[in-house]
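Need a 3D model of the sequence below.
(chains A, B and C)
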Amino acid sequence: MKIIKSFLAHNLNHNLTLFERQTKDIIFNELLSCSFVLTQKNQKVKTAEKLSKVFIRKAKRKELSRFWKYLKGSGIKQLFFSLRDAFLIRLFNNNFSNVLLKAKRLMLKCFNKNLAHNLNHNLTLFEKSLTGKIVFSYLLLLTSYSFLFSQQPDLFTYNNRMKFGNYLYETKDYLRAVDEYRACLRINQNDTLQFKIGEAFFEMEQYNFAAEEFYKLFNSNEFSYISKVSFLKTQFAAEKYDSLQIFQFPDEEQEVLNYQLKFVNLSLMITEENLPGYEKYFQPFSDREKSVLLDFYEEKKSLPYKSPLKAAVFSAIIPGAGKIYTGDYGDGITAFLATGLFAFLAYDNFKAEHNFRAWLFTGLGAFFYCGNVYGSAASAQIHNAKVKNEFEAGFKLFLKNENYFIPFIRF
Amino acid sequence: MRLRLIKKLLLVTLFFTGAGLAQTDWQRWEKKEVSYEKEVLQDSLVFDDSSVKAFLFSTLKNGYSFLISNHDGDNCPFAPTCSYFYVDAVKKTNIIQGTLMFADRFTRDSNLFKSSDQYIFHHTGKLEDPVVKYTLQQDSVNIYFKNHQKDK
Amino acid sequence: MINRISILIIILFQTAVLSAQNHLEMQKEYAESLFAGEKYFDAVTEYKRLMFFDENKIYSAEAGLKIAYCYKSGGKFDDAIAVLSKMKENQQINKTDIEIEIIRLNILRGTYFRAIGLIEKLEREVPEKQSELNYWKGWSYMVADEWQKAADAFGNSAEKGTEILKNLCISVSEEKYSLSFARTISYILPGAGHFYTGYYIEGIISLGWNVLWGYDVVNAIKADRIFDAVMVGNFLWLRFYTGGSQEAVKLAEIENRKIINEAYKYLSIQFEGKQP
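Just a heads-up that it's a prediction; the model follows:
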């Protein structure tokens, strides 16, 4: 306690101006009462507040009122903002030493004693030289102006938005990532971000938007080739197979034209029942691509379709046979039994000369018979649709996993 | 077959890529009011089409349900019910084709060994069997199965 | 000279650190303003931004909770539960509070059996929360359409509003039609189940059919046409007899659905106590 008292007394006496001498005793007493809290870091705020109360009581309103008003704030950060304003006022009033002393005193409270001691010794000499004043004021101005302009959060700068956008993209939060990238693009054109927007829309299966975004990069330096190829991939995924051939790419862009041909051939796997010959079909593909596509090519050529006409004819000859042909065993047997039962009942009743009942059963038998023939044809169509759909779904899933033979890009 | 195994593996890996959480946010959503109410069970047939034919058919069908089919038990494992199916079939095609479709439906209904491979489950728990599958138009049938592939 | 410059640099650095702290605070306020304004999708974005830039993880617990609340308000209960489950390991939050919040989300989502399971597990771990857990148990049973059990659970809870809820559960439980009773009296007298639920015309029609086929069967037996009697009895009379009972149960279910939906409407619109 006594050591602190003497230390503070020595410093104060050494550098006081007229103002401080007048208020010296009050300040000294205040500092003393606050000295206990100096050692505890989390009490800095209380110290500053107590100091500010004293200064406000003693403030020369004209010069210091604005400065001390800020000191009423709740934290050390407020003190520094206040310091900024104070420095600006002092510069105009040329009362530099006064402010520097106050800054020194505040810093004594906030930082360690060694630092404050150094500051104390060096600043006295520095203050007195004119060049020192100019350099110091310039640096302080710099700090203060940086505070002024950084009042808006810097989380929304170009770089920060891009960083955040990249994080969102990696965590598959694509819609938000697109918003961030678009905000960045409003400030600065960036082809990588533009491409990533396209990819994000593609992942979300919003193919129209994805195509629009890829189209914007057609004339880019770096992304021209990949954007054109990605555009084609989008058209394929959106099932716009006709439009794959509409776009005319220049003859010099051989790789893009090759990709276009690849996509057209891939679309044939979905749209055409009969594929072209092996050589013609696999001509644009590389050997690795050929090897993985070969299974699908061969499966497509030998898909187990059933003919509706055959199914109907089989059922006409033997009720239920058509459904067994298409794989509906339970339905086929039921149809056979139902038709057979009513035929038998009709025959039996005709024999027993119960004509009304006989005709009734004949009618019901005919009803089931015709239904079974129709149903067999429908059943063949259903079987074909299931087979086609399963093949297509598997093929599309496979292509999606291969990224449609486009090299994956690492950002 | 090797190809089928690859397809199944691909489906499984896609399922587990953890994209589930983010997918909610692929479309903007707004505040939703809390409601604990359960779905109301509804029964009668209402056609969008307001023509005389549609009105006549729906009245006949509703009359049949009210007087007869509501009282003979819940025997139809399909959704929509056989009477609804018949009226819808006649509406979409013509009376002869509709009647043939109904006959086929009746036969399939009588089949005690229906499997879930043949039919997709309806949200009410019954087997889905709409008219569109039996209109003998291959394109419509293809589209039906493609849409249900997305639901799977 | 170098000392002075270095001191200045240290001062600038310190102030820069403090100003960054200020930016996170401002971001938090911005996110909170969006949350208060019910712009939940954007609020989630801003909270995610706050969490991303918060290197010291000062705001991560609070932001995570707020994100879960946003998803809850938007009806995205699966996502809210996923977020909360990830936060269970966070030391800054009370684990029990998170568990209770997950129970509430399960109730809202309709997975009430899961909610009840979690409640029972938590009852063993944190017995001092018995009253609150019974409250949520009551809600789980209400949403699960088990009103008597809900009334019992509310009886063991001392939270605000339990009296009102208990009375509501008891009144709904009494008002609801008993499905087993409807089925039984329909077997005794066809059509009686329909009368029980207030569908008089349908009851008369059902009774009519049974009388018709019964009369036909009796006549066939009297005329010694046993085969006909068996055919009519099996394919018509039995069908309408069991069908009548099924229909009575179905109508009772429809009426019960109307009653409970009234109660649910009251809960979501008028009830002022704690909701899940």
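
Tell me how many other residues crowd the residue of chain A found nearest chain B.
Proximity of chain A to chain B (Cβ to the nearest Cβ) peaks at A:Gly371, 2.5 Å away. To be clear about C-beta, it is placed using only N, CA and C from the backbone, and glycine gets the same treatment. Close neighbours of A:Gly371, defined as other Cβ atoms under 10 Å in any protein chain shown, add up to 25.

Surely A:Ser267 and A:Ala238 touch.
No - taking Cβ atoms under 8 Å as the definition, A:Ser267 is not a contact partner of A:Ala238, at 11.4 Å.

Could you look up the SS state of C:Gln275?
coil (DSSP: H, G, I helix; E, B strand; the rest coil).

how far away is whatever residue of the stretch 1-150 of chain C ends up closest to chain B from A:Phe236?
Going by Cβ to the nearest Cβ, chain B is nearest to C:Gly75 of the stretch 1-150 of chain C, at 3.3 Å. Counting by Cβ to Cβ, to the nearest Å, the separation of C:Gly75 from A:Phe236 is 35 Å.

okay, those two: which has more neighbours?
A:Phe236 (22 against 19).

residues contacting the more buried one?
For A:Phe236, the contacting residues are A:Leu244, A:Phe263, A:Leu266, A:Ser267, A:Leu399, A:Tyr404, by Cβ atoms under 8 Å, 6 or more residues apart in numbering or on different chains.

out of everything not next to it in sequence, what's closest to the residue of chain B found nearest chain A?
Taking Cβ to the nearest Cβ as the measure, the point where chain B comes nearest chain A is B:Ala103, at 2.5 Å. Spatial nearest neighbour of B:Ala103, chain neighbours left out: A:Gly371 (2.5 Å); criterion: Cβ to Cβ, 6 or more residues apart in numbering or on different chains.

Just to be sure, that neighbour is in a strand?
No - using three-state DSSP, the secondary structure at A:Gly371 is helix, not a strand.

So A:Ala238 sits against A:Tyr207, correct?
Yes - counting by Cβ under 8 Å, A:Tyr207 is a contact partner of A:Ala238 at 3.6 Å.

contacts for the longest helix along chain B?
Longest helix in chain B by number of residues (criterion: DSSP state H): helix B:95-110. Helix B:95-110 is contacted from outside by A:331, A:334-335, A:338, A:367-368, A:370-372, A:374-375, A:378, B:75-78, B:82, B:85-86, B:89-93, B:114, B:129, B:131, B:134-136, using Cβ under 8 Å, 6+ apart.

filter those to the buried ones?
With neighbours counted by 16 or more other Cβ atoms under 10 Å in any protein chain shown, the contacts of helix B:95-110 contain buried members at A:331, A:334-335, A:338, A:367-368, A:370-372, A:374-375, A:378, B:76, B:78, B:82, B:85-86, B:89-93, B:114, B:129, B:131, B:134-136.

for chain B, what spans make up the helices?
Using DSSP H, helices in chain B cover B:2-15, B:20-23, B:52-64, B:82-92, B:95-110, B:138-151.

Would you mind putting the ones you listed into JSON lines with distance to C:Tyr200 alongside?
JSON lines is the format used below for the helices of chain B (distance: least, Cβ to Cβ, whole Å):
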{"stretch": "helix B:2-15", "distance to C:Tyr200": "53"}
{"stretch": "helix B:20-23", "distance to C:Tyr200": "51"}
{"stretch": "helix B:52-64", "distance to C:Tyr200": "18"}
{"stretch": "helix B:82-92", "distance to C:Tyr200": "24"}
{"stretch": "helix B:95-110", "distance to C:Tyr200": "31"}
{"stretch": "helix B:138-151", "distance to C:Tyr200": "42"}
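
which residues of the chain score low on pLDDT?
Unless you meant another one, I'm taking chain A. Residue ranges of chain A with pLDDT under 70: A:1-153.

Let me rephrase: I mean chain B.
B:1-22, B:42-50, B:115-116, B:150-152.

hmm, try it at 50
Within chain B, the ranges that satisfy pLDDT under 50 run B:13-19.

Determine which two of the contacts of A:Phe236 are furthest apart.
A:Leu244 and A:Leu399 (13.7 Å; Cβ to Cβ).

Neighbours of A:Phe285, how many?
A:Phe285 has 19 nearby residues by other Cβ under 10 Å.

A helix includes it, no?
No - going by three-state DSSP, the assignment for A:Phe285 is coil, not a helix.

do you know how far it is from A:Leu303?
A:Phe285 is 21 Å from A:Leu303, by Cβ to Cβ.

before we move on, what about C:Ile259?
C:Ile259 is 54 Å from A:Leu303, by Cβ to Cβ.

got it, and C:Ser180?
Relative to A:Leu303, C:Ser180 is positioned 53 Å away (Cβ to Cβ).

neighbour count winner among those two?
Legend: neighbour count by other Cβ under 10 Å for C:Ser180 and A:Leu303, higher for A:Leu303 (12 against 9).

Which secondary structure state is assigned to that one?
Going by three-state DSSP: A:Leu303 is coil.
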